[in-house]
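**Q** Model the structure of this input:
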Amino acid sequence: MMPFSKVAVLTSFIVGLSVTAYGADENWAPVGEALGKPGDVMAGGVYRVGLPRTDLKVTLDGVEIKPGFALGGWLAFETSGAMGMVMGDWTAPRFDRTRAIARRA
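**A** Below is the predicted model:
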């Protein structure tokens with residue numbers, strides 16, 4: 001799994017791709033290739049890529065939490081005419097957030 005900072009940079013790159021190259025073309029295969037993981041086309045033409053955090057080892061009350069169950073994030077891409085949009089969610093533990101903030105300073 002990529003470090004948080006690499007994912008942030010890659011996501012920014014993908015946002016640019018989705019806005020410019022995919023405004024009118026809904027071939028999402030290059031986006032999946034750039035992320036290293038294919039996604040699924042959902043209702044309304046939204047392209048969604050799940051990003052489980054397989055680098056995290058989390059237990060709750062002695063039970064291991066599986067990355068695909070609750071630890072991870074996703075990116076969703078959508079086109080609208082000549083425009084594109086991406087949104088997502090990411091599991092960022094404290095050590096990831098601290099490193100990301102320190103690098104911005």
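**Q** Check which residues of the strand ranked longest in the chain are buried.
**A** In terms of residue count, the longest strand belonging to the chain (DSSP state E) is strand 72-80. Of the residues in strand 72-80, those buried under the neighbour-count criterion (16 or more other C-beta atoms under 10 Å) are 72-73, 75, 77-79. C-beta: built from backbone N, CA, C; applies to glycine.
**Q** Give me the three-state assignment for residue 85.
**A** At residue 85 the chain is in strand, as set by DSSP: H, G, I helix; E, B strand; the rest coil.
**Q** Return the longest strand of the chain as PDB; C-alpha atoms alone will do.
**A** Output of strand 72-80 as PDB, limited to C-alpha atoms (Å, rounded to 0.1, in the frame of the first residue of the first chain):
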ATOM      1  CA  GLY A  72      -9.800   2.100   3.800                       C
ATOM      2  CA  GLY A  73     -11.200   4.600   1.500                       C
ATOM      3  CA  TRP A  74     -12.500   5.100  -2.000                       C
ATOM      4  CA  LEU A  75     -12.400   7.500  -4.900                       C
ATOM      5  CA  ALA A  76     -15.400   8.200  -7.100                       C
ATOM      6  CA  PHE A  77     -15.200   9.900 -10.400                       C
ATOM      7  CA  GLU A  78     -18.000  11.400 -12.400                       C
ATOM      8  CA  THR A  79     -18.300  13.400 -15.600                       C
ATOM      9  CA  SER A  80     -20.800  16.100 -16.500                       C
END
